[in-house]
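1. Here is a sequence with its predicted model. Questions after.
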Amino acid sequence: MDLPLKNNRNFLTINAEDGLDVLKGLSSPVRISILKLLHSRGPLNVNDISDALSLPQSTVATNVQVLESCDLIRTETVKATKGQQKICAARFDEIVLRFDDYDLKTRSNVIELSMPLGLYTNCSVSPPCGLCSSEAIIGLLDVPDFFLDPDRMKAGLIWFERGHVEYKFPNNAKILQAEIEALEFSMELSSEVPGTNTNWPSDVSVWVNDVLVGTWTSPGDFGDKRGIYTPRWWKLEGSQYGHLKTWKITADGSYLDGERTSDVTLDQLHLAEHHSIRLRVGIDEHAEHPGGVNIFGKGFGNHDQDIILRLHIRREPERA
């Protein structure tokens, strides 16, 4: 059953020191009005924006240029009845400004982001399947429609036999205009079987921007002992923990826990062309061992983490 989420949301995270261009773009009531209009009505040309906001076309054109220069909108020039017209569209639904110690330009040149399990932007799953938070089961078990339940945002454990879930991470390296040298994803995984079975192989695959990066054969679905962080209310007969797996894509290939798994390179992912990075986790329809998957997040399993993205970047030397 295919359950695309219609309200996919694009996020941009900046910090107060490194996002000055974006802050400048947001510093005008006119530009804010343009962004709100594009968000609510979709792509519009300059004339449409001018009419909707009762502003001179010259004013709109000037402010559109500012928004375009700081990557808050995307534009496309197309043929019109007379000449050409510029179509404008908003890039982001939400912009997060951080004042804490979180630094997109870390000294180690690594950007790390954590994605809650339930914040997938697309899913296609088949039963047995389900979600639960650290406090309760979300919706009904084995009913794929509940993967769209708003409470999915609280999920600490999700499972399904066939299909996938897909996440959209912000490409903060693009905002920094930094080159990505390596891309990592880390998550805790196991097979999925009704009950548990430590000898239940399953081929769990990972795709990035629709490119198959690699497949890990999980040995089983583990219920022999309670997961370190798994809540007491979750029955011991249920999946308790998994293995922490890390995929890494570099300029010369892809690796799983340090071992080469495929020839897929960063260039094939076209990261520089997109403001988001899409990660899909699931069971390939042609898998040799289609044994389902459990994905463990915060509050479950042996590793108290959600899905972690790490961008290893190379920055231009700072000018004196």
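-> That came in fine, so what should we check first? Here the structure is a predicted model, which means the values were calculated and not measured. Residues are numbered from 1 along each chain as shown.
2. The stretch 101-250 of the chain: helices as residue ranges?
-> With helices called from DSSP state H, counting those that start in this stretch, the stretch 101-250 of the chain shows them at 172-175.
3. how about the strands of it, start to end?
-> 110-115, 122-126, 130-132, 137-138, 157-160, 162-170, 179-190, 202-208, 211-218, 243-250 (DSSP state E, counting those that start in this stretch).
4. Deepest-packed of those strands, please.
-> Mean neighbours per residue, mean count of other C-beta atoms under 10 Å, is largest over these for strand 157-160, with a mean of 26. No exception for glycine: its C-beta is placed from N, CA and C like everyone else's.
5. Break the protein into its domains for me.
-> Listed domain ranges for the chain are 17-96, 110-314 (source: automatic domain parsing).
6. how far does the first one stretch from start to finish?
-> What that stands for is domain 17-96. Separation of the first and last residues of domain 17-96 by C-alpha to C-alpha, to the nearest Å is 13 Å.
7. swap in the longest one?
-> Start to finish, the residues bounding domain 110-314 are 9 Å apart (C-alpha to C-alpha).
8. next one: it to chain centre, how far?
-> Offset of domain 110-314 from its chain centre (C-alpha atoms, centre = their mean, to the nearest Å): 11 Å.
9. again with stretch 52-71
-> The answer for stretch 52-71 is 30 Å, by C-alpha atoms, centre = their mean.
10. May I see the buried residues of it?
-> Ala52, Leu53, Leu55, Val60, Asn63, Val64, Val66, Leu67, Cys70, Asp71 (16 or more other C-beta atoms under 10 Å).
11. Just the pLDDT at Gly19, thanks.
-> What the model reports for Gly19 is a pLDDT of 77.
12. hmm, I was thinking of Ser126
-> 96.
13. low-scoring stretches of the stretch 201-320 of the chain, by residue?
-> Along the stretch 201-320 of the chain, the model assigns pLDDT under 70 to residues 315-320.
14. Any chance you could spot the residue sitting in the middle of the protein?
-> The centroid of the chain falls nearest to Lys168 when counting by C-alpha atoms, centre = their mean (2.2 Å).
15. That one pairs with what?
-> Listed by DSSP bridges, the beta-bridge partners for Lys168 are Arg278.
16. I'd say it and Arg280 touch.
-> No. Under the criterion of C-beta atoms under 8 Å, Lys168 is not in contact with Arg280, lying 10.2 Å apart.
17. quick one: low-confidence parts of the stretch 1-150 of the chain?
-> For the stretch 1-150 of the chain, the ranges with pLDDT under 70 are 1-11, 100-108.
18. can you do 50?
-> 1-8, 104-107 (pLDDT under 50).
19. I'd like to know which of the buried residues of stretch 52-71 is nearest to Thr77.
-> Distance to Thr77, by C-beta to C-beta, is smallest for Val64 among these, at 12.1 Å.
20. right, and that closest one touches Val46 too?
-> Yes. Using C-beta under 8 Å, Val64 is in contact with Val46, at 6.3 Å.
21. Give me the common contacts of these two.
-> Lys86, Cys88 (C-beta atoms under 8 Å, 6 or more residues apart in numbering).
22. So the residue lying closest to Val293 once chain neighbours are set aside versus His275, what's the distance?
-> The spatial neighbour of Val293 that comes closest, neighbours along the chain excluded (C-beta to C-beta, 6 or more residues apart in numbering), is Val204 at 5.0 Å. Applying C-beta to C-beta, to the nearest Å, the value for Val204 to His275 is 27 Å.
23. Tell me the secondary structure at Ala272.
-> On the three-state scheme (DSSP: H, G, I helix; E, B strand; the rest coil), Ala272 is labelled helix.
24. OK, contacts around the spatially closest residue to it that is not a sequence neighbour?
-> Nearest non-adjacent residue to Ala272, counting by C-beta to C-beta, 6+ apart: Lys174, 6.6 Å away. Contacts were defined as C-beta under 8 Å, 6+ apart; by that measure Lys174 touches Asp71, Leu271, Ala272, His274, His275.
25. among these, which two are most distant?
-> Asp71 and Leu271 (14.8 Å).
26. could the strands of the stretch 101-250 of the chain go into CSV alongside distance to His39?
-> Shown next, in CSV, are those (distance: least, C-beta to C-beta, whole Å):
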stretch, distance to His39
strand 110-115, 23
strand 122-126, 20
strand 130-132, 29
strand 137-138, 29
strand 157-160, 29
strand 162-170, 17
strand 179-190, 28
strand 202-208, 27
strand 211-218, 30
strand 243-250, 32
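27. for Gln57, phi and psi?
-> phi -60, psi -30 (degrees, to the nearest 10).
28. so it touches Asn47, yeah?
-> Yes. Gln57 lies in contact with Asn47 (C-beta under 8 Å); the separation is 6.6 Å.
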